[in-house]
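Student: Got a predicted structure plus its sequence, pasted below:
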Amino acid sequence: MPEPVLDFRVRRVLLEDFDSWRRLWDGYNEFYGRVGPDALPEATTLKTWERFFDSREAVYAIVADCGDQLVGIAHYVFHRSTTRLNEVCYLNDLFSIEKVRGRGVGRRLIETVYAHAQNAGCESVYWQTHETNSQAMALYDKLAKRSGFVVYSKILSQV
């Protein structure tokens, strides 16, 4: 039997959401193996949080609010591109707690990012996920076109 419809709303993150957001942020990072010696530095987490509320930054956060708890987060960035006249939107982070997966949270968060990006004049929204994240990819294949690009990354030493 399918799960009952989840009653939640998507909204911008608020300063008073820090503790709830932090639990989701930590869960997201754990999902991708950023724990223990591979954990993000605390300064990175705190700077990320600060950027959401800095009007000079093009970094944004929305949450899925299920009344008494936050059940999902999405972080996105607007930026210029050499292949577009207008800005594009990078959906940097997307996460929902396990018990609500498959119940519309991820879809609604992505669709809300689409709306915010369109209102900001962005030409496109893009994101990446790990190749093993098959549950999420089943949703993503319904909401966007897989680009076929392979992502390469190199960590540079801190100055």
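Tutor: That came in fine, so what should we check first? Residues are numbered from 1 along each chain as shown.
Student: Could you list the low-pLDDT ranges of this protein?
Tutor: Within the chain, the segments meeting pLDDT under 70 span 1-5, 158-159.
Student: all helices in it, in order from the N-terminus.
Tutor: Along the chain, counting by DSSP state H, helices occupy 18-31, 42-51, 105-119, 134-143.
Student: Would you mind putting these into CSV with mean neighbour count and distance to Ser153 alongside?
Tutor: Yep, even glycine has a C-beta here, placed from its N, CA and C like the rest. As requested, the helices of the chain are exported to CSV (neighbours: other C-beta atoms under 10 Å; distance: least, C-beta to C-beta, whole Å):
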stretch, mean neighbour count, distance to Ser153
helix 18-31, 16, 16
helix 42-51, 13, 16
helix 105-119, 18, 22
helix 134-143, 13, 19
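Student: need the contact list for Ile73.
Tutor: 13, 21, 24-25, 28, 61-64, 93-96, 109 (C-beta atoms under 8 Å, 6 or more residues apart in numbering).
Student: Show me the beta-bridge partners of it.
Tutor: Val63, Phe95 (DSSP bridges).
Student: returning to what we had before: same list (the helices of the chain) but as JSON lines, adding distance to Phe149.
Tutor: Listed next are the helices of the chain as JSON lines, based on distance: least, C-beta to C-beta, whole Å:
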{"stretch": "helix 18-31", "distance to Phe149": "22"}
{"stretch": "helix 42-51", "distance to Phe149": "25"}
{"stretch": "helix 105-119", "distance to Phe149": "19"}
{"stretch": "helix 134-143", "distance to Phe149": "14"}
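Student: List just the one of those helices that sits closest to Asp7.
Tutor: Of all the helices of the chain, it is helix 105-119 that lies closest to Asp7, at 11.3 Å by C-beta to C-beta.
Student: got the CA coordinates for that closest one in CSV?
Tutor: Extracted in CSV, the C-alpha atoms of helix 105-119 (Å, rounded to 0.1, in the frame of the first residue of the first chain):
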residue,chain,number,x,y,z
VAL,A,105,9.4,16.2,-0.9
GLY,A,106,12.3,16.0,-3.4
ARG,A,107,10.0,16.7,-6.3
ARG,A,108,8.5,19.8,-4.7
LEU,A,109,11.9,21.1,-3.6
ILE,A,110,13.2,20.8,-7.2
GLU,A,111,10.0,22.4,-8.6
THR,A,112,10.4,25.3,-6.2
VAL,A,113,14.0,25.8,-7.3
TYR,A,114,12.8,25.8,-10.9
ALA,A,115,10.2,28.5,-10.0
HIS,A,116,12.8,30.7,-8.1
ALA,A,117,15.3,30.3,-11.0
GLN,A,118,12.7,31.2,-13.6
ASN,A,119,11.6,34.3,-11.6
